[in-house]
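J.: Okay, predicted coordinates and the sequence, questions at the end:
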Amino acid sequence: MHYRSRLALALSLVPLLSACGESGSSGAVPVKSASAHPVPATKPPPPPPAKFRTATRQAMPGLEGVIGNTATALTRQFGTPRLDVREGDVRKLQFSGTACVLDIFLYPPRPQAEPEATYVDARRASDGRDVDRAACVAALRRP
């Protein structure tokens, strides 16, 4: 009997729901087709060109033979880099040995110039903890 009362309630709502779908003087505004007035595709304007900024050179004792050098000169000092990452005109060289890992960041000193080493970071190869940069340079430098 409970089933029949639910069915009767559902059937009594059908005429009310069908009235919702009728069109007439409901006050609805007709929607125009998208093809009636095509809108031309627009592209956002390109970003303004970034002004060139010179990178600040790191100045620390023991890094004099690294800072200011190009990738070619650094490769002569430390051998083939483990990583050579380029992004735009910026370059990162990574050299590693048993004692430490040395990351050297190179930025161009002026527009369109070859990047030069401006910053050095060093960490232990075993656990990644920071180490003295100059000591790492000395440990990895080829004789």
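T.: Yep, that arrived.
J.: Figure out the helix or strand that the closest residue to P81 other than its chain neighbours lives in.
T.: Sequence neighbours aside, L93 is the residue nearest to P81 in space, at 4.2 Å (criterion: CB to CB, 6 or more residues apart in numbering). Where you see a C-beta, it was placed from the backbone N, CA and C, and this is true even at glycine. When elements are assigned from DSSP states H and E, L93 belongs to strand 90-96.
J.: give me the number of residues near the residue nearest to P81?
T.: 21 (other CB atoms under 10 Å).
J.: Can you give me the pLDDT of it?
T.: Note for L93: predicted pLDDT of 98.
J.: tell me the contacts of it?
T.: Applying CB atoms under 8 Å, 6 or more residues apart in numbering, we find L93 in contact with 71, 74-75, 81, 83-84, 103-104, 106.
J.: got the contact list for the one helix or strand A73 maps to?
T.: Per DSSP H and E, A73 falls inside helix 71-78. Applying CB under 8 Å, 6+ apart, the contact partners of helix 71-78 are 65-66, 69, 81, 84, 91, 93, 95, 102, 104, 106, 114-115, 117, 140-142.
J.: just checking, what packs against the helix or strand just after that helix?
T.: Next along the chain after helix 71-78, taking DSSP H and E as the criterion, comes strand 83-87. Identification of packing neighbours for strand 83-87 by 3 or more CB pairs under 8 Å, 6 or more residues apart in numbering; DSSP states H and E yields strand 90-96.
J.: relative to helix 71-78, how tilted is the next helix or strand after the strand it packs on?
T.: Going down the chain from strand 90-96, the next helix or strand is strand 100-107, by DSSP H and E. Angle, strand 100-107 to helix 71-78, by axes from the mean of the first three to the mean of the last three CA atoms, to 10 degrees: 160 degrees.
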